[in-house]
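Asker: with the sequence up front, the predicted model follows.
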Amino acid sequence: MGKLRRFFVVLIVCLVALGGSAYLLFRSRQPRSIPYRGVKGSPSGRETRPATSAPVSLTKTVDAESLRAAVKGANIVICVMDAARADHFGAYGYPRETTPNFDRLARESVVFDQHFCQYSQTSPSTATLFTGQYPDTHGVAVPRTGKRKELLRSLEPTAFTIDRALGEAGFRTLLFTSTPAAAPVLRLGESFRVLVTPMGMVHSEEEDALWRSPEHLLELIHQNLSRDPRFLTYVHFLPPHNPYEAPEKLKETFKGQQAPGYFEAEPAFTQVYGRFHDQNPPATGSDWVNLYDAELRWSDWALGELISYLKEIGAYENTLLIVTADHGEALGEHRYQWHATCPYDEAIHIPLLIRFPGATGPVGRVGALTETIDVLPTILDLLGIPAPAGELQGKSLVPLLAGESGELREHTFTRTNGKWPCYVVRDHRWALLLYQGGKMRALYDLAADPRQTHNVIAEQPKQAATLTDVFVRFARMQKFLPLDFVDPGFKPVTAPVSPDAAMSEETRRKLRSLGYIE
């Protein structure tokens with residue numbers, strides 16, 4: 001009897017050990033999300049960690065109804081920093097002090113760690129923010145050459161947009177932008193009551209340079225923005241967009257230094273990369289980064305000045321403040337030195353920060369996948385403003401902000417421009433690149449290869465097929481079906497061109513100076 005008892009004891013111990021080993025093996029094989037590229041002692045003052053260890057990690061929580069109550073009667077300010085890539089912000093783990101104002105703001109806001117644009121170019125990306133729609137539904141596009149008028153597409157006159165929706169809800173609506181790429185030339189923001197843009201105001205290279213400076217835009221904000229009545233204000237600072245024209249004092253901040261974490265790798269296909277045609281290109285990748293970081297510091301300074309002005313007029317504590325970017329910027333990591341054509345994270349992973357009025361809102365980090373199309377649905381949800389059925393493709397971030405949900409979607413979708421347009425399908429672990437024509441494809445395992453240096457499509461055909469199917473389902477839901485990215489024989493129907501979509505010579509010159517057309 002004693003031997004039998006010992007036998008059962010040994011058997012139970014073995015089964016427990018075997019079960020534990022199986023559990024550990026199972027856990028080790030689970031897909032891991034993208035490592036959060038944080039460092040100790042970052043300028044944000046926080047020790048960063050993988051966002052996916054807690055998809056929503058809020059140190060201060062507020063339920064959804066309280067969030068809606070907090071913005072009742074509040075102003076809305078959306079500040080866009082052009083070409084600002086997330087991984088160069090201190091709050092996102094960058095070791096340089098490039099964004100001290102953003103980082104301070106982050107400590108009293110919700111920061112979204114895995115936020116992606118839908119187009120790595122200003123006009124289509126701005127249209128996405130204004131409409132809550134993907135580019136192949138709203139239809140806005142700017143041709144790379146600027147020669148084929150039929151390719152220049154604007155928003156439809158009846159499009160449901162943030163300026164129209166909030167204007168009808170009683171907000172005084174104001175738009176301040178340093179670039180015509182985010183101006184009514186393509187019906188972007190044409191319903192804003194106050195439009196302060198370079199359009200019709202620039203007639204020389206000197207005036208171009210003046211409008212590119214955030215100081216000039218801030219002066220115009222001071223002249224036009226007052227505390228009353230309740231307002232929606234959209235502010236678009238041009239830095240850190242090329243050309244790099246930060247004050248010399250700022251350029252000296254990082255001059256001659258080795259850029260932290262900089263790397264150079266080949267793109268999946270060598271014929272597709274694009275470079276900015278700079279007349280005096282920097283000698284090395286680090287030189288590019290040093291100039292870019294100085295520009296980002298300049299834009300962050302402008303953000304600080306904007307906040308100071310809101311405080312000065314007594315509006316800051318009654319304002320929902322959203323800070324983001326239209327796209328990022330490639331600095332040579334995959335041989336790209338521009339954004340419009342780059343499908344890698346340096347051009348499509350962007351910051352997003354939301355601060356609620358006063359001390360009423362949540363604080364913390366969100367590691368869920370989010371997109372630019374989610375900004376408008378979030379604002380409408382918070383304000384209780386309905387959208388016409390079927391108009392919005394984005395999702396409200398309120399469940400994430402309130403800690404009611406850990407995820408919003410399984411995939412993000414981003415389109416690029418240029419001679420070799422590309423769609424990027426992304427989840428927490430994988431990134432699939434689909435080039436127009438359906439013949440070139442690349443797959444990256446972001447858990448093992450966060451810098452996207454090794455195309456594993458040959459080793460992971462099933463994963464590539466799964467994400468391709470995801471894209472096909474997505475493409476079939478768009479107004480202008482982008483199925484030519486998977487089917488070489490598919491002939492997409494493009495958005496019609498409105499009679500007033502033609503660019504003036506002044507606008508062409510301005511966009512050419514920014515590198516958007518040739």
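Answerer: Received it, and whenever you're ready, just let me know what you need.
Asker: can you tell me the closest non-neighbouring residue to residue 256?
Answerer: The shortest distance from residue 256 to any residue other than its chain neighbours is 7.4 Å, reached at residue 290 (C-beta to C-beta, 6 or more residues apart in numbering). C-beta: built from backbone N, CA, C; applies to glycine.
Asker: tell me which element the one you found is part of?
Answerer: helix 285-312 (DSSP states H and E).
Asker: so what touches the helix or strand that that helix is followed by?
Answerer: Using DSSP H and E, the helix or strand that follows helix 285-312 in sequence is strand 319-324. For strand 319-324, the external contacting residues (C-beta atoms under 8 Å, 6 or more residues apart in numbering) are 71, 74-81, 102, 105, 109, 115, 129, 303, 307, 310, 350-357, 372, 375, 379, 382.
Asker: walk me through which strands strand 319-324 pairs with, and which way each runs.
Answerer: The pairing partners recorded for strand 319-324 under DSSP bridges are strand 75-81 (parallel), strand 352-355 (antiparallel).
Asker: residue 245 is in contact with residue 210, isn't it?
Answerer: No. Counting by C-beta atoms under 8 Å, residue 245 stays clear of residue 210, with 10.7 Å between them.
Asker: measure residue 430 to residue 284 for me?
Answerer: When distance is defined by C-beta to C-beta, to the nearest Å, residue 430 is 32 Å away from residue 284.
Asker: likewise for residue 107?
Answerer: 34 Å.
Asker: what do you get for residue 231?
Answerer: Using C-beta to C-beta, residue 231 is found at 45 Å from residue 284.
Asker: name the residue in the two with the higher neighbour count.
Answerer: Neighbours per residue, other C-beta atoms under 10 Å: of residue 231 and residue 284, the larger number sits with residue 231, 20 against 14.
Asker: which parts of stretch 430-442 are buried?
Answerer: For stretch 430-442, burial by neighbour count (16 or more other C-beta atoms under 10 Å) applies to 430-436, 438, 440-442.
Asker: check stretch 410-417 too.
Answerer: For stretch 410-417, a neighbour-count test (16+ other C-beta under 10 Å) marks 411-417 as buried.
Asker: inside helices: which ones of those?
Answerer: Among the buried residues of stretch 410-417, no member falls in helices (DSSP state H).
Asker: got TSV for those residues, with pLDDT and distance to residue 319 too?
Answerer: Output for the buried residues of stretch 410-417, formatted as TSV (pLDDT from 0 to 100; distance: C-beta to C-beta, whole Å):
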residue	pLDDT	distance to residue 319
411	98	33
412	98	28
413	98	31
414	98	29
415	96	32
416	94	34
417	89	34
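Asker: which of those sits closest to residue 66?
Answerer: Nearest to residue 66 among the buried residues of stretch 410-417 is residue 412, at 28.7 Å by C-beta to C-beta.
Asker: which residues sit in contact with the closest one?
Answerer: Contacts for residue 412 (C-beta under 8 Å, 6+ apart) come out as 116, 369-371, 424-427.
Asker: among those, who's most crowded?
Answerer: Using other C-beta under 10 Å as the neighbour criterion, residue 371 leads these with 28 neighbours.
Asker: any figure for the gap between it and residue 387?
Answerer: For residue 371, the distance to residue 387 equals 16 Å [C-beta to C-beta].
Asker: ok, residue 283 next?
Answerer: 50 Å.
Asker: how about residue 306?
Answerer: Taking C-beta to C-beta, one finds residue 306 at 28 Å from residue 387.
Asker: which of these two has more residues huddled nearby?
Answerer: Between residue 306 and residue 387, counting by other C-beta under 10 Å, residue 306 is the more crowded of the two (25 against 16).
Asker: helix, strand or coil for residue 370?
Answerer: Here residue 370 is recorded as strand under DSSP: H, G, I helix; E, B strand; the rest coil.
Asker: check contacts around it.
Answerer: Counting by C-beta under 8 Å, 6+ apart, the residues that residue 370 touches are 112, 114-116, 352, 397, 400, 408-409, 412.
Asker: now, among those residues, which is nearest to residue 216?
Answerer: Nearest to residue 216 among these is residue 352, at 26.1 Å by C-beta to C-beta.
Asker: pretty sure that closest one is touching residue 109, no?
Answerer: No. Counting by C-beta under 8 Å, residue 352 stays clear of residue 109, with 9.8 Å between them.
Asker: okay, and the common contacts of the two?
Answerer: Shared contacts of residue 352 and residue 109 (C-beta under 8 Å, 6+ apart): none.
Asker: how about the contacts of residue 370 in CSV, adding secondary structure and distance to residue 486?
Answerer: As requested, these are arranged in CSV below (DSSP: H, G, I helix; E, B strand; the rest coil; distance: C-beta to C-beta, whole Å):
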residue, secondary structure, distance to residue 486
112, strand, 29
114, strand, 25
115, strand, 26
116, strand, 20
352, strand, 29
397, coil, 30
400, helix, 31
408, coil, 25
409, coil, 20
412, strand, 17
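Asker: mind checking which of those residues are buried?
Answerer: Using 16+ other C-beta under 10 Å as the burial test, the contacts of residue 370 include 112, 114-116, 352, 397, 400, 408, 412 as buried.
Asker: distance to residue 273 added to those residues, as TSV?
Answerer: Formatted as TSV, these follow (distance: C-beta to C-beta, whole Å):
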residue	distance to residue 273
112	28
114	25
115	24
116	20
352	27
397	33
400	35
408	32
412	22
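Asker: rewinding a little: can you pull the contacts of the residue nearest to residue 256?
Answerer: 251, 254-257, 259, 282.
Asker: measure how buried the residue lying closest to residue 194 once chain neighbours are set aside is and give me the count.
Answerer: Closest residue to residue 194 apart from its sequence neighbours, by C-beta to C-beta, 6+ apart: residue 174 at 4.1 Å. The number of residues packed near residue 174 is 22, by other C-beta under 10 Å.
Asker: where do the strands sit along the stretch 51-200 of the chain?
Answerer: Secondary structure of the stretch 51-200 of the chain (DSSP state E, counting those that start in this stretch): strands at 56-60, 75-81, 110-116, 172-177, 194-196.
Asker: go on, the stretch 351-500 of the chain?
Answerer: Taking DSSP E, counting those that start in this stretch, the strands of the stretch 351-500 of the chain run over residues 352-355, 363-371, 412-415, 422-426, 430-435, 441-445.
Asker: quick check: residue 237 touching residue 296?
Answerer: No. Assessed by C-beta under 8 Å, residue 237 is found out of contact with residue 296, at 10.5 Å.
Asker: looking at the two, which is more packed in?
Answerer: When neighbours are counted by other C-beta under 10 Å, residue 237 comes out ahead of the other of residue 237 and residue 296, with 29 against 26.
Asker: please tell me how far that one sits from residue 325.
Answerer: Counting by C-beta to C-beta, the gap from residue 237 to residue 325 is 10 Å.
Asker: got it, and residue 129?
Answerer: 10 Å.
Asker: what touches both of these two?
Answerer: Common contacts of residue 129 and residue 325, defined by C-beta under 8 Å, 6+ apart, comprise residue 80.
Asker: lowest-pLDDT helix or strand in this structure?
Answerer: Here the helix or strand of the chain ranked lowest by mean pLDDT, DSSP states H and E is helix 2-28, holding a mean of 41.
Asker: on that earlier part again, for the contacts of residue 290, which one is nearest residue 451?
Answerer: Taking those together and measuring to residue 451 by C-beta to C-beta, the closest member is residue 259, at 14.1 Å.
Asker: for that closest one, grab the count of nearby residues.
Answerer: A count of nearby residues for residue 259, using other C-beta under 10 Å, gives 20.
Asker: circling back: closest to residue 96 among the buried residues of stretch 410-417?
Answerer: Nearest to residue 96 among the buried residues of stretch 410-417: residue 414, at 26.0 Å, using C-beta to C-beta.
Asker: show me where pLDDT drops low in the stretch 101-250 of the chain?
Answerer: Along the stretch 101-250 of the chain, the model assigns pLDDT under 70 to residues 142-152, 200-203.
Asker: mind listing the helices for it?
Answerer: With DSSP state H, counting those that start in this stretch, the ranges of helices along the stretch 101-250 of the chain come out as 122-131, 135-138, 162-168, 205-212, 214-224, 248-254.
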